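K.L.:
need a structure here:
(2 chains)
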Amino acid sequence: MFDFTVDAIEGAARAGTLTLPHGDVATPAFMPVGTHGVVRGLSAADVRRTGAQIILGNTYHLHLRPGEETVRRMGGLNRFTTWERPMLTDSGGFQVFSLEGLRRIGEQGVEFQSHVDGTLRTLTPESVMEIQRSLGADIAMAFDHVVPGQAPHDLALEGMERTLRWLDRCKTRHGELSEGATQALWPIIQGGTHTDLRRRSAEGTIERGPWTGIAIGGLSVGEPKPVMHRVLEELMPVIPADVPRYLMGVGFPADLLEGIARGVDLFDCVAATRNGRHGTAWLPAGRVNVRGAALKGSSEPLDPECDCETCTTYPRGYLRHLFVVEDILGLRLVSLHNVRFLVRLGEQARAHILDGTFGGWSRDWLHRHYTRGQ
RNA sequence: GGUGGGGUGACCGAGUGGCUAAUGGUAGCAGACUGUAAAUCUGCCGGGCUAACGCCCUACGUAGGUUCGAAUCCUACCCCCACCA
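P.N.:
Okay, the predicted model is just below:
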């Protein structure tokens, strides 16, 4: 039911096949984020057409609305969303970080003041497993304690050790719930930007295994890019090669290639859809502000190299017009393009790894992207 | 013809002697966004010079006037609106 095979390796980069209850995922792969059970602005059919193989949902958000029981009664997250392919639910650990000010962390768990209606909600490693069991995604994530990228050693240590203690509790509860059920639990490595903490987190995580996948969390949360790269480089040799590695919350197009080059297999990020809604489109040569005056009256496609509905159908001048008049179609079309852009980047990287041409290709790609042909 | 109200920066609209190059809003322009409290947020927005502090010019219907000082007060004129003839 859960399997990962490495199909090809080039340097640290890998191409693999992840088998999950709802289907296979060819890696490297970008996973669009559908926090509330929807990849914002896109229909399930839209997402399917981007080539996405697996999408996310979020424990915290779906717990608040509509509630995991409602989802369970409707047949689980796949039925609920009509997305009958692999899914992964994030644990709400990131909300411990992003909802700072609305939550209080204790050893037992985290008290959240709901951002929706202000009611007090408590998430514990156990309840997070129960919620995710009800949601029923292929992969459930462990409940972790994320600290900011600039977190000093003592704070990062606290978050890292707590994440390991919580992992034990997640594993226990997940084991109790999983009789006859098909859902994997994936752990998350923390430790901030500190080499020793990251190593201890990775080792502690691995010895609690075996796992069918291991995530790296707490990156792209304010630390400089070279630091993220360094952490990845330090971490990869420690993580078993036969397990898919998931870099959580990353990223922008260049981050995908930088991550793939260092051995990452899976990514997720909200930027594709958020930037899409905010009018920033990713292009091979940098990016473009779709609202910008430069696009006015342009008959060119958004990205001539892209095969998505947006780029093969609509001229730039029309896309800009949609943003100017604030029609929701503009949000959808640019989100669609950005998601396709990242999914395709994963596909291209995979093809080049299989060919043994990833190194040169990604170097050229990054050069072009950073120097902006626009 | 009479009476009353009104003419402010691209637009709407505050201001009714100095703190006013002039509140707000809209439009316009630029930027940010990384396991989604985000169809959001931030900055600029009369012209010129400056890296910046800042300096100069032009501006509140038009033309005069009062005053140390006017978008704000006075006079005339032009235009718009309402009502009455």
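
K.L.:
doesn't A:T193 fall inside a helix?
P.N.:
No. Counting by DSSP: H, G, I helix; E, B strand; the rest coil, A:T193 is not found in a helix; it is coil.

K.L.:
which ones are touching it?
P.N.:
Contacts of A:T193 were listed using Cβ atoms under 8 Å, 6 or more residues apart in numbering, and they are A:G149, A:A151, A:A156, A:E223, A:V227, A:V231. Backbone N, C-alpha and C define where each C-beta goes, glycine included.

K.L.:
which stretches of the stretch 51-200 of chain A have low pLDDT?
P.N.:
Within the stretch 51-200 of chain A, the segments meeting pLDDT under 70 span A:180.

K.L.:
which parts of it sit against RNA strand B?
P.N.:
Residues of the stretch 51-200 of chain A lying near RNA strand B by Cβ under 7 Å from any atom of the strand: A:56, A:58, A:61, A:90-91, A:93-95, A:97-99, A:101-102, A:115, A:141, A:144, A:146, A:188.

K.L.:
what's the answer for the stretch 201-350 of chain A, then?
P.N.:
Counting by Cβ under 7 Å from any atom of the strand, the stretch 201-350 of chain A comes close to RNA strand B at A:215, A:217-218, A:220-221, A:225, A:248-252, A:255, A:268-271, A:273-275, A:277-280, A:289, A:291-294, A:296, A:324, A:326, A:328, A:331.

K.L.:
keep only those of those residues that are in helices.
P.N.:
Secondary structure from DSSP state H places A:K225, A:D255, A:A271, A:T273, A:R274, A:N275, A:R277, A:H278, A:V324, A:I328, A:L331 of these in helices.

K.L.:
now, of those residues, which are buried?
P.N.:
Neighbour-count burial (16 or more other Cβ atoms under 10 Å) is assigned, among these, to A:D255, A:A271, A:T273, A:N275, A:R277, A:L331.

K.L.:
from A:L247, how far off is the residue lying closest to the first one once chain neighbours are set aside?
P.N.:
In this case it means A:D255. Using Cβ to Cβ, 6 or more residues apart in numbering and skipping residues adjacent in sequence, the residue nearest A:D255 is A:S220, 7.1 Å away. Distance, A:S220 to A:L247, using Cβ to Cβ, to the nearest Å: 8 Å.

K.L.:
more neighbours: the two, which one.
P.N.:
A:L247 (28 against 19; other Cβ atoms under 10 Å).

K.L.:
on the three-state scheme, the nearest residue to that one once chain neighbours are set aside is what?
P.N.:
Leaving out its chain neighbours, the residue that sits closest to A:L247 by Cβ to Cβ, 6+ apart is A:V264, at 4.5 Å. Recorded secondary structure, A:V264: coil (three-state DSSP).

K.L.:
contacting residues for the residue lying farthest from the centre of chain A?
P.N.:
The outermost residue of chain A, judged against the average C-alpha position, is A:G297 (35.5 Å), by Cα atoms, centre = their mean. Residues in contact with A:G297 (Cβ under 8 Å, 6+ apart) are A:G317.

K.L.:
so what's it scoring on pLDDT?
P.N.:
At A:G297, the pLDDT value in this model is 92.

K.L.:
related to what we said a few turns ago, want to throw the contacts of A:T193 into CSV with neighbour count and secondary structure?
P.N.:
As requested, the contacts of A:T193 are exported to CSV (neighbours: other Cβ atoms under 10 Å; DSSP: H, G, I helix; E, B strand; the rest coil):
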residue, neighbour count, secondary structure
A:G149, 17, coil
A:A151, 24, coil
A:A156, 25, helix
A:E223, 18, coil
A:V227, 15, helix
A:V231, 23, helix
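
K.L.:
can you report how many residues lie near A:T357?
P.N.:
Neighbours of A:T357 under the rule other Cβ under 10 Å: 12.

K.L.:
per-residue confidence at the residue lying closest to it once chain neighbours are set aside?
P.N.:
Excluding its sequence neighbours, the residue lying closest to A:T357 (Cβ to Cβ, 6+ apart) is A:E10, at 8.0 Å. pLDDT, A:E10: 98.

K.L.:
and A:E10, what are its bridge partners?
P.N.:
A:E10 has the following beta-bridge partners by DSSP bridges: A:A13.

K.L.:
tell me, how many residues neighbour it?
P.N.:
Applying other Cβ under 10 Å, we find 19 residues neighbouring A:E10.

K.L.:
the one 5 residues further on too?
P.N.:
The local packing count at A:A15 equals 24, with neighbours defined by other Cβ under 10 Å.

K.L.:
do A:D364 as well
P.N.:
A total of 10 residues lie near A:D364 under the criterion other Cβ under 10 Å.

K.L.:
may I have the secondary structure class of it?
P.N.:
Assigned by three-state DSSP, the conformation of A:D364 is helix.

K.L.:
coming back round to it: does the residue nearest to A:L247 touch A:A29 like I think?
P.N.:
No. In this structure, A:V264 is not within contact of A:A29 by Cβ atoms under 8 Å, at 10.2 Å.

K.L.:
can you map out the strands along the stretch 251-374 of chain A?
P.N.:
All strands of the stretch 251-374 of chain A, identified by DSSP state E, counting those that start in this stretch, fall at A:266-269, A:280-282, A:287-289.

K.L.:
can I get those in CSV including mean pLDDT, distance to A:I353 and mean neighbour count?
P.N.:
Formatted as CSV, the strands of the stretch 251-374 of chain A follow (pLDDT from 0 to 100; distance: least, Cβ to Cβ, whole Å; neighbours: other Cβ atoms under 10 Å):
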stretch, mean pLDDT, distance to A:I353, mean neighbour count
strand A:266-269, 98, 14, 25
strand A:280-282, 97, 21, 23
strand A:287-289, 94, 25, 18
